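Student: sharing a sequence plus its predicted fold:
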Amino acid sequence: MKTLGFIIQKEFKQIFRNKAMLPIIFILPLIQLLILSNAATFEVKDVKFSFIDHDHSSMSRGLVEKFSASPFFNIVNDFPSSSMAVTAMLKGEVDVILEIPNHFERDLSKNKGASLGLSINAIDGAAAGIP
């Protein structure tokens, strides 16, 4: 315990011996806190959203309309095939791809439950964590 006390005493002597260290230790972190706290945000807006609708039913159109009504998603395109959508994602044109399978409405109406495919471009970690 004495050793720790000597180390702390030595560090304080070093800090007060060099007057240029005081602003670096105390003022610079406060400036960073004020500036960077406004820059760091986890709010996600304008996620480039696209979909592949294999079902073409009223329920699948309603699902896509829900996404288009959201202020967080910007519907970029609808793709006829998965390969075209993945190519667009690799080019950076799309962030999220929703794939609606065949018989989506039929499976939901029969209470079977329906599965959806969701591909997310995880380069932007904050945006990838939202959906």
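Tutor: Now that the structure is in, tell me what you want to look at.
Student: hey, let's count contacts and neighbours off CA atoms from now on
Tutor: Noted.
Student: nearest residue to residue 121 other than its sequence neighbours?
Tutor: Nearest residue to residue 121, sequence neighbours excluded (CA to CA, 6 or more residues apart in numbering): residue 95, at 5.0 Å.
Student: contacting residues for the one you found?
Tutor: Taking CA atoms under 8 Å, 6 or more residues apart in numbering as the criterion, residue 95 is in contact with 47, 48, 49, 50, 89, 120, 121.
Student: what pLDDT does the fifth one get?
Tutor: Read it as residue 89. pLDDT, residue 89: 90.
Student: just the second one next, same as before
Tutor: At residue 48, the model reports a pLDDT of 89.
Student: from what I see, it and residue 98 are in contact.
Tutor: No. Between residue 48 and residue 98 there is no contact, the gap being 11.3 Å when judged by CA atoms under 8 Å.
Student: per-domain residue ranges of this protein.
Tutor: 2-39, 47-128 (automatic domain parsing).
Student: mind listing the helices for this structure?
Tutor: Secondary structure of the chain by DSSP state H: the helices cover 2-17, 21-22, 28-39, 58-69, 82-91, 104-109, 125-128.
Student: the ones you listed into CSV, with extra columns for distance to residue 75?
Tutor: Compiled in CSV, these are given as follows (distance: least, CA to CA, whole Å):
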stretch, distance to residue 75
helix 2-17, 56
helix 21-22, 52
helix 28-39, 26
helix 58-69, 6
helix 82-91, 13
helix 104-109, 20
helix 125-128, 15
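Student: mind checking how far the residue lying closest to residue 80 once chain neighbours are set aside is from residue 62?
Tutor: Leaving aside its sequence neighbours, residue 80 sits nearest to residue 52 (CA to CA, 6+ apart; 6.1 Å). Distance check for residue 52 against residue 62: by CA to CA, to the nearest Å, it reads 14 Å.
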